[in-house]
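J.: Dropping a prediction and its sequence here:
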Amino acid sequence: MKVFMAKRHALGFGRLLAGLVMVAIGLAFAMPALADSMVGAPAAWGMGLQPSGGVIKERISSFNTMVFVIITVITIFVLVLLAYCVWRFSAERNPVPSTTSHHTGLEIAWTVIPVLILIVIAIPSFRLLYFQDRAVDADMTITVQGRQWYWNYTYSDQGNFTFDSYPIQEADLKPGQIFKLSVDNELVIPVGANIRVLTTGHDVIHSFFVPALGIQKYTIPGRTLETWMRADRPGIFYGQCNQICGTNHWFMPIAVRAVPRAEFDSWVNDAKKRFAQADGSAPAMAAAPAAQEVVQIAEARR
């Protein structure tokens, strides 16, 4: 009878382990699908990471899935091992405790196996960090400056214009806009372009964070840091400052709009007229009448 009960308990633990493994695998593959319900922004009751908007986030999602599977298998293994030990080595089954204090094989195993697991995690981790570090053959450069409490963007190689970005107040929201995430002036980029991002701070440390594009970089006063991003599909990708930078920390949302190249070029031509130059001079539209007046005076002197 005791042998039968032992086999029955062992079969029950085996079924439990198999069930937990199946649940873990199901969650690992379901998380990206559940996240796809919202594009570029957080979703109510969402699970997992936001859907990828570019190649960087795709690599982050793959690495996240790999680590999730590893830690789930470890957790299940430890749970089952603990339950087995409680059952197998209970006082009822072992009235005389074992006096064994060392086991060379076990000690080698629980030292070597964790090291191998860390190596498996470390190699893709370092590759991902270097991949995120800086752009290779960047198509354009944007300078991001964190300020209390808004963002300032400068397109240095697209006409050297600059503008500020503030959140839209709740009373001014239009259909489709998101409270505390939508902004008055979005950061516009062309689809498929490698964008070098230079970050710096104006007052305190902020953090430029757009989850769907896989970009997160601090903006530190007196320092310039480099990273990059690329959107592989059109859309609006939302983010925010995730560094607690002061009382209006929530007042620093980020909205990156990825558009086709032709639409981006049209937007740049309009932005040159609407926004000031990085050196503080007036926009091109405002400066045009003065320029025409100078030409007229020069012609009159001839």
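T.: It's in.

J.: What about the closest residue to residue 153 other than its chain neighbours? Give its phi and psi, please.
T.: Nearest residue to residue 153, sequence neighbours excluded (CB to CB, 6 or more residues apart in numbering): residue 187, at 5.5 Å. Yep, even glycine has a C-beta here, placed from its N, CA and C like the rest. Comment: the main-chain dihedrals of residue 187 come out as phi -80, psi 110, following degrees, to the nearest 10.

J.: pLDDT score assigned to residue 187?
T.: Looking at residue 187, its pLDDT stands at 97.

J.: Then residue 251?
T.: Note on residue 251: pLDDT of 89.

J.: That one: how many residues sit nearby?
T.: Residue 251 has 16 neighbours, counted by other CB atoms under 10 Å.

J.: residue contacts, it?
T.: Residues counted as contacts of residue 251 (CB atoms under 8 Å, 6 or more residues apart in numbering) are 149, 150, 166, 167.

J.: Which of the helices or strands spans residue 237?
T.: If you go by DSSP states H and E, residue 237 is part of strand 235-240.

J.: Buried by neighbour count: which residues of that strand qualify?
T.: When neighbours are counted by 16 or more other CB atoms under 10 Å, the buried residues of strand 235-240 are found to be 235, 236, 237, 238, 239, 240.

J.: pLDDT below threshold where in this structure?
T.: Scanning the chain with the threshold set as pLDDT under 70 gives 1-39, 284-302.

J.: Helices of that one, residue ranges please.
T.: All helices of the chain, identified by DSSP state H, fall at 2-35, 55-88, 104-133, 261-274, 284-301.

J.: and the second one, which residues are buried?
T.: In this case it means helix 55-88. Within helix 55-88, the residues that qualify as buried are 55, 56, 57, 59, 60, 61, 64, 65, 69, 72, 76, 80, counting by 16+ other CB under 10 Å.

J.: Closest to residue 206 out of the residues you listed?
T.: For the buried residues of helix 55-88, the residue nearest residue 206 by CB to CB is residue 56; the value is 20.2 Å.

J.: contacting residues for that closest one?
T.: Residue 56 makes contacts with 131, 132, 213, 214, 215, 228, 229, 230, as judged by CB under 8 Å, 6+ apart.

J.: Try it again at 7 Å.
T.: The contact partners of residue 56, by CB atoms under 7 Å, 6 or more residues apart in numbering, come to 132, 213, 214, 215, 229, 230.

J.: filter those residues to the buried ones?
T.: Burial by neighbour count, 16+ other CB under 10 Å: within the contacts of residue 56 this picks out 132, 213, 214, 215, 229, 230.

J.: What is the burial count for the residue nearest to residue 153?
T.: Per other CB under 10 Å, the neighbour tally for residue 187 reads 25.

J.: for the one 5 residues further on, same thing?
T.: Counted with other CB under 10 Å, residues neighbouring residue 192 total 14.

J.: ok, now how distant is it from residue 172?
T.: As judged by CB to CB, to the nearest Å, residue 192 and residue 172 stand 32 Å apart.

J.: List the beta-bridge partners for residue 258.
T.: Per DSSP bridges, the residues bridged to residue 258 are residue 189, residue 235.

J.: Would you check how far apart it and residue 192 are?
T.: 9 Å.

J.: And for residue 162?
T.: Distance of residue 162 to residue 192, computed by CB to CB: 24 Å.

J.: Also residue 182?
T.: 24 Å.

J.: for residue 183, same thing?
T.: 23 Å.

J.: same deal with residue 222?
T.: Taken as CB to CB, the spacing of residue 222 relative to residue 192 amounts to 34 Å.

J.: returning to what we had before: compute the inter-axis angle for the strand holding residue 237 and helix 55-88.
T.: If you take axes from the mean of the first three to the mean of the last three CA atoms, to 10 degrees, strand 235-240 sits at 60 degrees to helix 55-88.

J.: still on that earlier bit, nearest to residue 96 among the contacts of residue 251?
T.: Nearest to residue 96 among the contacts of residue 251, counting by CB to CB, is residue 149 at 69.0 Å.
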